[in-house]
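**Student:** Following is a predicted model, sequence given first.
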Amino acid sequence: MQPKITANARCVDGEVGSIAKIIVDPLSHEISHVVIRERGGQGVERQVPIDQIQAVPNEEEVLLQGSTDTFRQWPVLNRGDYVTIHEVEIAHLEDHLHVAPGEILVPYPRLEQAVPRRSFFANMTHAIGALIALPLVFPVLKYLMQPMYRPFDNTWFPVGNVRKVKKENIGYQFKYTRGFKEAFMPEQHIEKNIWVVKATPAVQQAIYGGKDRKFYDDKGNVVWVNKANATHIGFSGKCPHLGCGYKWRRTKNYPDGVFLCPCHLSIYDEAGKVLDGPAPRPLDVLPLQVNAVGDMKIIDVEYKAGVKNQIRLL
Ligand code: FES
């Protein structure tokens, strides 16, 4: 038999009060405690574990184990530790309980307990405010994060004539200027550079392994194919380690010359292969086209620095 929510509570030596609320485990839906308002106790409510109910003679009465002194040792209910099911929705909680919803308490969520109720609701208000403001803030965020959203720029940039590359197995630097236009800002021009080598059969093999290299736009469409038997290779001027500019240098260990990055001393051969240092991948090969009179154009592809795989950023 289930007692009414107002049932009187009695110990072996006398009546102690009446049931005012029940506390329910939100997961098992089992009643864990009854809350008994103490008779003559000026509204004091004590939470008594359900297993302390010895018997339920009728709907109007429950018998508790122990004496009235034992009853007074049960903790006083701290109402702030609980919410009613008016405040949290727990599916089917009332199905088996013959009480009004407001009289059922469930423990305040553990994660929220460290946050005072007032600040919890204040935080909720701020969060809702932030959601409302999001459409206004989004364009600014998008502008600040533009490199992540900007579609890849597949513009071809003229970089010079291939006749400057006279010898095999030596890197030749070509400089070019490109403009950048950010929203609200005047267009800016920056000087960039690439390194070009003659593609000897050994270099072609080392870079392409007999397979053409495809380049894609941000939608996955092929925008250019470097042929595996192309006559020249263009490398991005940025070191794949952390993006420093590197040079072609002769060193004691490499008297014929290597690409040497001064920042952390990564060393690459004429095919861009890492010979030494912290570089995580070979030099980045760019889309390169050479016309009938030897004029070269490249797409200024940029990849994320410091990672093994090429992740295109621009
Ligand atoms: S940036 Fe080139 S080695 Fe670190």
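**Tutor:** Received the coordinates, thanks. These numbers come from a predicted model, not from an experiment.

**Student:** quick one: buried residues of stretch 218-225?
**Tutor:** 223-224 (16 or more other Cβ atoms under 10 Å). For every residue, glycine as well, the C-beta is placed using N, CA and C.

**Student:** for stretch 168-177, that is, sorry about that
**Tutor:** 170-174, 176.

**Student:** same check, this time on stretch 227-239
**Tutor:** 230, 232-239.

**Student:** ranges for the helices of the stretch 1-150 of the chain?
**Tutor:** 68-71, 110-113, 117-144, 146-149 (DSSP state H, counting those that start in this stretch).

**Student:** how far out from the middle of the chain is the first one?
**Tutor:** It refers to helix 68-71. 54 Å (Cα atoms, centre = their mean, to the nearest Å).

**Student:** mean confidence score for that helix?
**Tutor:** In this model, helix 68-71 has a mean pLDDT of 90.

**Student:** Likewise for the second one?
**Tutor:** Averaging the model's pLDDT scores along helix 110-113 yields 49.

**Student:** Kindly report the same for the longest one.
**Tutor:** Along helix 117-144, the predicted local confidence has a mean pLDDT of 57.

**Student:** Look up which helix or strand the residue in the stretch 51-200 of the chain that the ligand sits nearest to falls in, please.
**Tutor:** Here the residue of the stretch 51-200 of the chain nearest the ligand is residue 195; by Cβ to the nearest ligand atom that distance is 13.4 Å. Using DSSP states H and E, residue 195 sits in strand 188-198.

**Student:** Now that strand: buried residues?
**Tutor:** Neighbour-count burial for strand 188-198 flags 192, 194-198 (criterion: 16+ other Cβ under 10 Å).

**Student:** Also stretch 11-19?
**Tutor:** Buried residues in stretch 11-19, counted by 16+ other Cβ under 10 Å: 11, 16-19.

**Student:** Walk me through the domains of the protein.
**Tutor:** 8-113, 117-144, 152-299 (automatic domain parsing).

**Student:** that older thread, need the mean per-residue confidence for the helix or strand following the strand holding residue 195.
**Tutor:** Following strand 188-198 in sequence order, the next helix or strand is helix 201-208 (DSSP H and E). For helix 201-208, mean pLDDT is 97.

**Student:** Could you tell me which residues within helix 201-208 count as buried?
**Tutor:** Buried, per 16+ other Cβ under 10 Å, within helix 201-208: 203-204, 206-208.

**Student:** quick check, distance from stretch 154-172 to the centre of its chain.
**Tutor:** 41 Å.

**Student:** Looking at it now, give me its mean pLDDT.
**Tutor:** Taken as a whole, stretch 154-172 carries a mean pLDDT of 96.

**Student:** Now flag whichever of the buried residues of stretch 11-19 is closest to residue 82.
**Tutor:** Among the buried residues of stretch 11-19, residue 19 lies closest to residue 82 (Cβ to Cβ), at 15.4 Å.

**Student:** Pretty sure that closest one sits against residue 33.
**Tutor:** No: in this structure, residue 19 is not within contact of residue 33 by Cβ atoms under 8 Å, at 10.4 Å.

**Student:** Test for you: state the pLDDT assigned to the residue of the stretch 51-200 of the chain closest to the ligand.
**Tutor:** On the pLDDT scale, residue 195 gets 97.

**Student:** which ones are touching it?
**Tutor:** Applying Cβ atoms under 8 Å, 6 or more residues apart in numbering to residue 195 gives the contacts 171-174, 234-235, 237, 246, 248, 259, 283.

**Student:** does it have beta-bridge partners, and which?
**Tutor:** Here residue 195 sits in beta bridges with residue 173, residue 235, going by DSSP bridges.

**Student:** gap between it and residue 201?
**Tutor:** Shown here: residue 195 relative to residue 201, a distance of 20 Å by Cβ to Cβ, to the nearest Å.

**Student:** Tell me which residues touch the closest residue in space to residue 193 that isn't next to it in sequence, please.
**Tutor:** Among residues not flanking residue 193 along the chain, residue 237 sits closest, at 4.0 Å (Cβ to Cβ, 6 or more residues apart in numbering). Contacts here follow Cβ under 8 Å, 6+ apart; on that basis residue 237 touches 173, 192-195, 245-246.

**Student:** Mind telling me the two of those farthest from one another?
**Tutor:** Applying Cβ to Cβ across the contacts of residue 237, the maximum distance is between 192 and 246, 13.3 Å.

**Student:** thinking again about what came up before, which of the buried residues of stretch 227-239 come close to the ligand?
**Tutor:** Residues of these in contact with the ligand (Cβ under 6 Å from any ligand atom): residue 239.

**Student:** Pretty sure residue 295 sits against residue 157.
**Tutor:** No: using Cβ under 8 Å, residue 295 is not in contact with residue 157, being 11.4 Å away.

**Student:** Spatially nearest residue to residue 39, not counting backbone neighbours?
**Tutor:** Nearest residue to residue 39 in three dimensions, chain neighbours excluded: residue 17, at 4.4 Å (Cβ to Cβ, 6+ apart).
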